[in-house]
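Enquirer: here are the coordinates; sequence isn't available:
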């Protein structure tokens, strides 16, 4: 909505995409990969991560092929929509996979993804505006994005909630590959096209990484305190019964 009703500039778009990239890299480095390393063999991690990265590249190639086959700005507009939908679907896969592992991980990942989707959403709407799409249509398309994220989250959760630890961690590594390629190849590339980089762009990237790390640590601390409080109450009740 900031991009919809406020003034958008190339410099703001550049900073937003750098911040989003920093947050996405932090999600992979701070949450997803450390969790997988606890219970998954190295070669499984490599295979799942590689599969995620290759899948993203194949999807991107398909989008580019469809776009090159179309005529006019209309096809390009829909390819932008498809690209954002694919990104949100990967977000949903990550949230559903994390929820299948533990509720505390799902909360941390959801919080981090919200932080990342703010600059991503700004960039998407700014792109729609630059292409000249009418406002009512932009808002309708933006509202429909929730279907991809929530649908993918529900599907991955239902498929993985009863699975063993190995498939759950492999799914997290697969999503890590998707997110890493998206951050390095697409988001940063689009940021470079929006405006020439400067020191503030680098600071935005670092700030995004630091912000998610602090949010992750804070939420995990709160979750730990809640679990310790519940354990204390259970112990007290057991002593009273004895």
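Expert: Right, received. Where do you want to start? Only a predicted model underlies this, so the values are computations on that prediction, with no experimental measurement involved. Numbers count the residues shown, from 1 in each chain.
Enquirer: Quick check: residue 205 touching residue 18?
Expert: Yes: between residue 205 and residue 18 there is a contact at 4.3 Å, judged by C-beta atoms under 8 Å. All C-beta atoms are positioned from the backbone trio N, CA, C, and that covers glycine.
Enquirer: of those two, who's got more company?
Expert: Neighbours per residue (other C-beta atoms under 10 Å) separate residue 205 from residue 18, with residue 18 holding more: 26 against 23.
Enquirer: Quick check: what element follows the host helix or strand of the more buried one along the chain?
Expert: In this structure, residue 18 is located in helix 10-26 according to DSSP states H and E. Per DSSP H and E, the first helix or strand lying C-terminal to helix 10-26 is helix 33-37.
Enquirer: What's the mean pLDDT across that following helix?
Expert: What helix 33-37 shows for mean pLDDT is 85.
Enquirer: Show me what the following helix or strand past it is packed up against.
Expert: Sequence order places helix 42-69 as the next helix or strand after helix 33-37, per DSSP H and E. The helices and strands touching helix 42-69, judged by 3 or more C-beta pairs under 8 Å, 6 or more residues apart in numbering; DSSP states H and E, are helix 33-37, helix 72-101, helix 165-181.
Enquirer: Relative to residue 216, which of those is closest?
Expert: helix 33-37 (10.5 Å; C-beta to C-beta).
Enquirer: Report the distance from the closest one to the chain centre.
Expert: Put simply, helix 33-37 sits 17 Å off its chain's centre (C-alpha atoms, centre = their mean, to the nearest Å).
Enquirer: same deal with stretch 174-193?
Expert: The answer for stretch 174-193 is 10 Å, by C-alpha atoms, centre = their mean.
Enquirer: Please point out which parts of it sit buried.
Expert: By neighbour count on 16 or more other C-beta atoms under 10 Å, the buried set for stretch 174-193 is 174-183, 186-188, 190-191.
Enquirer: got the contact list for residue 57?
Expert: residue 181 (C-beta atoms under 8 Å, 6 or more residues apart in numbering).
Enquirer: what separates it from residue 103, distance-wise?
Expert: 32 Å (C-beta to C-beta, to the nearest Å).
Enquirer: and if you look at residue 52?
Expert: Using C-beta to C-beta, residue 52 is found at 23 Å from residue 103.
Enquirer: Have a look at those two and say which one is more surrounded.
Expert: Per other C-beta under 10 Å, whichever of residue 52 and residue 103 has more neighbours is residue 52, with 25 against 11.
Enquirer: Tell me who's in contact with that one.
Expert: 173, 174, 175, 176, 177, 178, 179, 180, 181.
Enquirer: With pLDDT added, can I get these in a markdown table?
Expert: Shown next, in a markdown table, are the contacts of residue 52 (pLDDT from 0 to 100):
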| residue | pLDDT |
| --- | --- |
| 173 | 88 |
| 174 | 88 |
| 175 | 83 |
| 176 | 86 |
| 177 | 88 |
| 178 | 83 |
| 179 | 81 |
| 180 | 85 |
| 181 | 84 |
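Enquirer: quick one: which of those residues is nearest residue 118?
Expert: Comparing the contacts of residue 52 against residue 118 with C-beta to C-beta places residue 179 closest, at 16.1 Å.
Enquirer: With that, I have no additional questions.
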